[in-house]
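K.L.:
Just need the structure, nothing else, for what follows:
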Amino acid sequence: MTEIPEMPISQIIDSFWSKLMKRFWFYSDVLDQWVCIPLYFTCDWESTPIVRGTSKVAGLIHDYLSRKDSSPKVSKWVAARVYMEFMKYCGTPPVRRWVKFCVVVVWPGYFHKKSIAWQMDPKQRL
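P.N.:
Purely as a prediction, here's the structure:
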């Protein structure tokens with residue numbers, strides 16, 4: 001069953017970026033497994049145009065799954081399905097969910113371009 005046992009704890013880096021200050025665990029029915037996003041993972045939470053920032057936790061999960069070295073490593077389609085799963089779990093209204101899902105499916109260029117450690121301070125890499 002889709003689950004987030006504890007909400008993410010983060011530190012704001014600037015007006016766009018934040019980093020996790022605690023490992024973040026979630027269970028995805030789409031992936032059929034628990035996934036851990038590592039300490040100090042840097043994300044923009046959600047940068048989908050038009051409705052940016054309205055499903056931040058789902059955006060964090062999608063950011064992680066979009067990295068080239070995420071575990072598990074998934075396709076763009078699977079990452080989008082997990083994004084949809086967590087938008088629904090977090091209560092995002094259906095129309096907004098579908099708009100954002102469609103945007104991440106068709107948006108070119110960013111998927112699997114960055115590593116998990118991207119944007120981290122080298123002293124904090126684990």
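K.L.:
Contact partners for residue 113?
P.N.:
Shown in contact with residue 113 (Cβ atoms under 8 Å, 6 or more residues apart in numbering): residue 68. Placement of C-beta: from N, CA and C, glycine included.
K.L.:
In terms of pLDDT, where does it sit?
P.N.:
For residue 113, the pLDDT comes out at 77.
K.L.:
cool, and the one 4 residues further on?
P.N.:
We have a pLDDT of 78 for residue 117.
K.L.:
Now do the phi/psi pair for it.
P.N.:
Note on residue 117: its backbone torsions stand at phi -80, psi 0 [degrees, to the nearest 10].
K.L.:
Same check on residue 113?
P.N.:
Backbone torsions for residue 113, taken as degrees, to the nearest 10, come to phi -100, psi -30.
K.L.:
Distance check, it against residue 63.
P.N.:
Counting by Cβ to Cβ, to the nearest Å, the gap from residue 113 to residue 63 is 12 Å.
K.L.:
what's the burial count for residue 57?
P.N.:
Residue 57 has 18 neighbouring residues, counting by other Cβ atoms under 10 Å.
K.L.:
I figured it hits residue 90, correct?
P.N.:
Yes: between residue 57 and residue 90 a contact is recorded at 5.6 Å, counting by Cβ atoms under 8 Å.
K.L.:
residue boundaries of the helices in this protein?
P.N.:
56-65, 76-89, 94-106 (DSSP state H).
K.L.:
Flag whichever of those helices has the least confidence on average.
P.N.:
Among those, helix 94-106 carries the lowest mean pLDDT (a mean of 89).
K.L.:
mind checking how far that helix is from the chain centre?
P.N.:
14 Å (Cα atoms, centre = their mean, to the nearest Å).
K.L.:
repeat for stretch 22-36
P.N.:
That offset, for stretch 22-36, works out to 11 Å (Cα atoms, centre = their mean).
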